[in-house]
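Asker: Make a model of this:
(2 chains)
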Amino acid sequence: MLHGYAPSLLDGAWLTFQVAVFSLVLALVLGLAGASAKLSKLRLVRAPAVAYTTIVRGIPDLVMMLLVFYGGQMLINMATDALEWDYVDVNPFVAGVATLGFIFGAYFTETFRGAFLAVPAGQLEAGAAYGMSRWQIFSHILFPQMLRHALPGLGNNWQVMQKSTALVSIIGLSDITWLADQAGRSTHQPFLFYAVVCAFYLAMTALSSVVFNHLERRYSVGVRRSAA
Amino acid sequence: MIEWSVITDSLPQYASGLWLTAQLTVLSLAAGLMIAIPLSVMRISRKRLVAGPVWVFTYFFRGTPMLVQLLLIYYGLGQFEWVQAQWQAGNTFWLIFREPYGCALVTFTLNTCAYTTEILAGALRTTPHGEIEAAQACGMSRFTMLRRILIPGALRRALPAYSNEAIFMLHGTAIASTVTLMDLTGAARNAYSQHFAPFEAFIFAGLLYLTLTFALVGLFRLAERRYLAHLQPRKAIKGHTA
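Answerer: Below is the predicted model of the structure:
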């Protein structure tokens, strides 16, 4: 099937999936940290978070990725030279995941920030009135309700992020797009192989929207829908 | 530490790259919006045969990476002997797809068109019912109602979401550099490979993109102030308290 390239494309698909999932985890962590920093009362904490979201969301992801990949290599070279170690290559997988996670962390920050603000203050006051500790208020009241408000935004961010994973092919990671490119060149049938890549991404995004619809329903249990 | 010569030597390339990036962004946004207006009307049609094909179009372009779409069009179309025959014959329409510029412009236009269609369709669906009833009571035909009531209202309501799409498009044009075009990112990649100075080359390009982004945000803020004036928080009138 596919001139014998099916297994290799399958490997690429698995790699792309891994890039997407690892970047998602990193972006979620950065997003929660960024949102907390942006909502802080301390200016010293707020300012870097504001700079982070403004700069990252103002620059194309490809430029950022090239900067991290080539710039990271240069920093590592300088460090290994100074320490007189052997030459170390920047792993494109690590560079790709780090860049995607870093970029989408900025978008997740905004999503989480809006969601935290959407939880009514009365809910938190009620928790305090019951004598809950700050951590209990966060884990029992603020976080679960925040998640409901955040889910639609997170779903959108995740959909954009999955498609950005194709960019890792440009820094030489053998993801599905890169492998399809190779296969297309050697068989002279690039259209066929890129179409397969399209089908893969369509399947991944379609599956994601099913999962997110399910999650949204689950986290909206007990919320009355306005009749539309 | 900063090698200024990396930037100054490549300044002409950066300038022409900036121009190409602006060109690709503005042309694809304009063409995409023009096509998206009729498509969004079709998208909200109750007739499956009308809405269905538009749904397939937007689903495909929104569900796949723009990079893969660009590669599919630029490298992929040449696979077909029929297309090659058109190139040989000098067919002006098909010759667009032999040039990286034409391929990039077509890909970007179709991509932004798909997103804009969904944004506008969403805005059309949220038209207040009273407006439609009022238009019908005035005896407007369906076309007049679309032209005078539905589309202008939807364009206004879509403005905040559309400004995000425009910024995504500006950033999306960076992939033009993968099909040999010398846009801003292409200029930066060129400067990098000549001097092996990644920080100077890419950070300078990043700053230029940041400037373009801020300019675009500013333009949309002005547009919102003009077209969404009725939604602005009201200014307190001096000497008047409720």
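Asker: Can you give me the buried ones in the longest helix along chain B?
Answerer: Determined from DSSP state H, the single longest helix within chain B is helix B:11-43. Buried residues in helix B:11-43, counted by 16 or more other C-beta atoms under 10 Å in any protein chain shown: B:13-14, B:17-18, B:20-22, B:24-25, B:28-29, B:31-33, B:35-37, B:39-43. In short, each C-beta sits where N, CA and C put it, glycine included.
Asker: Which secondary structure element of chain A has the lowest mean pLDDT?
Answerer: Least confident helix or strand, chain A: helix A:72-83 with a mean of 87, by mean pLDDT, DSSP states H and E.
Asker: Tell me which residues of the helix or strand that comes right after that helix come out buried.
Answerer: Next along the chain after helix A:72-83, taking DSSP states H and E as the criterion, comes helix A:92-118. By 16+ other C-beta under 10 Å, the buried positions in helix A:92-118 come out as A:92-93, A:95-113, A:115-116.
Asker: Flag every residue of chain A that's near chain B.
Answerer: Near chain B, the residues belonging to chain A are A:55, A:57-64, A:66-67, A:70-71, A:73-74, A:163-167, A:169-170, A:177, A:181, A:184, A:188-192, A:194-195, A:197-198, A:201-202, A:205-206 when assessed by C-beta under 8 Å from any C-beta of the partner chain.
Asker: Among those, which ones are in strands?
Answerer: Using DSSP state E, no member of these sits in strands.
Asker: spatially speaking, which residue is in the middle of chain B?
Answerer: Closest to where the C-alpha atoms of chain B average out (C-alpha atoms, centre = their mean) is B:Leu29, at 3.6 Å.
Asker: same thing with chain A?
Answerer: Mean-position check on chain A, C-alpha atoms, centre = their mean. Result A:Leu24 at 3.5 Å.
Asker: my guess is it contacts A:Trp158, does it?
Answerer: Yes. With contact defined as C-beta atoms under 8 Å, A:Leu24 reaches A:Trp158; the gap is 6.4 Å.
Asker: Check the model's average confidence along the longest helix along chain A for me.
Answerer: In chain A, with assignment by DSSP H, the single longest helix is helix A:6-38. Mean pLDDT, computed over helix A:6-38, is 95.
Asker: Off-centre distance for that helix?
Answerer: 5 Å (C-alpha atoms, centre = their mean, to the nearest Å).
Asker: which stretches of chain A have low pLDDT?
Answerer: Applying pLDDT under 70 to chain A picks out residues A:224-228.
Asker: no wait, chain B
Answerer: In chain B, residues with pLDDT under 70: B:1, B:234-242.
Asker: any idea which element residue 186 lies in?
Answerer: As the question left the chain open, I've gone with chain A. Judged by DSSP H and E, A:Ser186 forms part of helix A:176-187.
Asker: not quite, I wanted chain B
Answerer: Using DSSP H and E, B:Gly186 maps to helix B:184-195.
Asker: what's in contact with that helix?
Answerer: Helix B:184-195 has contacts (C-beta atoms under 8 Å, 6 or more residues apart in numbering or on different chains) with A:60, A:62-63, A:66, A:70, B:3, B:5-7, B:9-10, B:13-14, B:16-18, B:20-21, B:174-177, B:180, B:182, B:197-198, B:200-202, B:204-205, B:208-209.
Asker: before we move on, what about stretch A:170-189?
Answerer: Under C-beta under 8 Å, 6+ apart, the answer for stretch A:170-189 is A:2-3, A:5, A:8-9, A:11-13, A:15-16, A:19, A:62, A:65-66, A:69, A:92-93, A:95-96, A:165-166, A:168-169, A:190-194, A:196-197, A:200, B:65, B:67-68, B:71, B:75-76, B:79, B:178.
Asker: Near B:Leu219, how many other residues are there?
Answerer: Neighbourhood size, B:Leu219 [other C-beta atoms under 10 Å in any protein chain shown]: 12.
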